[in-house]
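A.B. asks: Structure here, sequence nowhere to be found:
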């Protein structure tokens, strides 16, 4: 988890984890975690060091792979 947060912060871009197994209601779900770094809207960083000092936080999303794949298949 720390790796995707650091990567999102340092690049300034969305970062996703590899597959992770998460427990939910006595089940284990294959998922991935997506991190979106949040900076001040007027902030225009030129380096990873500036992004490290100006990071306000990250928005995290957990994507359950089976559910996402089923929804994609249903749309095709």
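C.D. replies: Structure received. Note that the coordinates shown come from a computational prediction; the quantities given were computed from them, not determined experimentally. Numbering: from 1, shown residues only.

A.B. asks: now the strands: where do they sit in the protein?
C.D. replies: 15-16, 20-24, 27-38, 57-64 (DSSP state E).

A.B. asks: Need the residues that contact the longest one.
C.D. replies: When you say that, I think you mean strand 27-38. The contact list for strand 27-38, computed with Cβ atoms under 8 Å, 6 or more residues apart in numbering, reads 1, 4-5, 7-9, 12-23, 51, 55-66. Using the backbone N, CA and C atoms, a C-beta is placed for each residue, glycine as well.

A.B. asks: again with the first one
C.D. replies: Taking Cβ under 8 Å, 6+ apart as the criterion, the residues outside strand 15-16 that touch it are 4, 5, 7, 8, 32, 33, 34, 35.

A.B. asks: out of those, who's nearest residue 73?
C.D. replies: Ranked by distance to residue 73 (Cβ to Cβ), the contacts of strand 15-16 are led by residue 32 at 17.6 Å.

A.B. asks: Pass me the low-pLDDT residue ranges in the protein, would you?
C.D. replies: Within the chain, not a single segment meets pLDDT under 70.

A.B. asks: and if we set it to 80?
C.D. replies: Low-confidence segments of the chain (pLDDT under 80): 69.

A.B. asks: And the contacts of strand 15-16, which is closest to residue 42?
C.D. replies: residue 8 (19.5 Å).

A.B. asks: if I pick that closest one, what's in contact with it?
C.D. replies: For residue 8, the contact set (Cβ under 8 Å, 6+ apart) comprises 14, 15, 35, 36, 37, 58.

A.B. asks: Pull out the buried members of the contacts of strand 27-38.
C.D. replies: Among the contacts of strand 27-38, those scoring as buried are 4, 5, 7, 8, 9, 12, 15, 17, 51, 55, 58 (criterion: 16 or more other Cβ atoms under 10 Å).

A.B. asks: what two of the residues you listed have the greatest distance between them?
C.D. replies: Every pair of the buried ones among the contacts of strand 27-38 checked by Cβ to Cβ; the farthest is 17 and 51, at 19.4 Å.

A.B. asks: What number of residues are in the vicinity of the nearest residue to residue 17 once chain neighbours are set aside?
C.D. replies: Leaving aside its chain neighbours, residue 17 sits nearest to residue 33 (4.4 Å; criterion: Cβ to Cβ, 6 or more residues apart in numbering). Residue 33 sits with 18 neighbouring residues when counted by other Cβ atoms under 10 Å.
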